[in-house]
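Novice: any chance you could fold what I've pasted below:
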Amino acid sequence: MLEILWIFLIFLFIPTRGHTEQGRECLIYQSVRDQNVGYEFLRRSRGGNVRRTANGDIAYVCAGCMNAQTRLRKEGAPIPPLRQIGFGDNGRFTTDPDQHHHFCDPVPWDELERRQLYRKVKEEVRGKDFSSSQAVGMLNQAIAEKRMNRAERQQFNFFYFYLFVLLLLIYCFTSL
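Specialist: Predicted structure coming up:
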């Protein structure tokens, strides 16, 4: 039963794929503990080669922690180590991103969604002959579409939360 509970918990570590301002891929993770915040994770690479963890998973680091590390370096303060997190072939983080060794402040989830919408529209507009009013219209349309999907997303999250509680209760009562 404990194995089923662990498999379910791993299911919760699923991020959303997004893009950085430079157009590189990143992973956006909404916190399970506080649905109002999240983290943005960047893929580690050197010279175009993707870094991997000891287990062979793709290595990612928290973008907020990277920014905090840069800020601390400029201030001359002690810099905590930047820890990587593995992203497996199954489309999930290998450990809980909420319990990752963050030394940054979590980003409000609405802000992460706004960034991704803006970057998506910016990428669509780049290099094309759009007026500024057309670009703003595209951004407003993307925002309206995102708002309609939010209720569905919350319903999905509540379903899995109640499923988790049910599995936890079953485990507690069967272990007595």
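Novice: which stretch of helix or strand covers residue 42?
Specialist: Under the criterion of DSSP states H and E, residue 42 resides in strand 37-43.
Novice: I'd like the mean pLDDT over stretch 31-50, please.
Specialist: Across stretch 31-50, pLDDT averages out at 87.
Novice: residue 35 belongs to a strand?
Specialist: No - judged by DSSP: H, G, I helix; E, B strand; the rest coil, residue 35 forms no part of a strand; its state is coil.
Novice: how close does it get to residue 82?
Specialist: Residue 35 is 26 Å from residue 82, where distance means Cβ to Cβ, to the nearest Å. Where you see a C-beta, it was placed from the backbone N, CA and C, and this is true even at glycine.
Novice: from the contact counts, what lies against the strand holding residue 42?
Specialist: Identification of packing neighbours for strand 37-43 by 3 or more Cβ pairs under 8 Å, 6 or more residues apart in numbering; DSSP states H and E yields strand 25-30, strand 58-62, helix 63-75, strand 107-108, helix 109-125.
Novice: chain center to the shortest one, what's the gap?
Specialist: This points to strand 107-108. 11 Å (Cα atoms, centre = their mean, to the nearest Å).
Novice: so what touches that strand?
Specialist: 36-40, 64 (Cβ atoms under 8 Å, 6 or more residues apart in numbering).
Novice: direction included, what does that strand pair against?
Specialist: Counting by DSSP bridges, the strands paired with strand 107-108 are strand 37-43 (antiparallel).
Novice: the inter-axis angle of the strand it pairs with versus helix 63-75?
Specialist: 80 degrees (axes from the mean of the first three to the mean of the last three Cα atoms, to 10 degrees).
Novice: burial count for residue 115?
Specialist: Neighbours of residue 115 under the rule other Cβ atoms under 10 Å: 18.
Novice: C-alpha coordinates for the strand holding residue 42, CSV please?
Specialist: Extracted in CSV, the C-alpha atoms of strand 37-43 (Å, rounded to 0.1, in the frame of the first residue of the first chain):
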residue,chain,number,x,y,z
VAL,A,37,2.9,29.9,-5.8
GLY,A,38,5.2,28.0,-8.0
TYR,A,39,8.8,27.7,-9.3
GLU,A,40,10.4,27.9,-12.7
PHE,A,41,13.2,25.4,-13.4
LEU,A,42,15.9,25.8,-16.1
ARG,A,43,17.6,23.0,-17.9
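Novice: chain center to whatever helix or strand comes next after it: distance?
Specialist: Per DSSP H and E, the first helix or strand lying C-terminal to strand 37-43 is strand 45-46. From the chain centre to the centre of strand 45-46 is a distance of 20 Å (Cα atoms, centre = their mean).
Novice: please consider this matter closed, and thank you.
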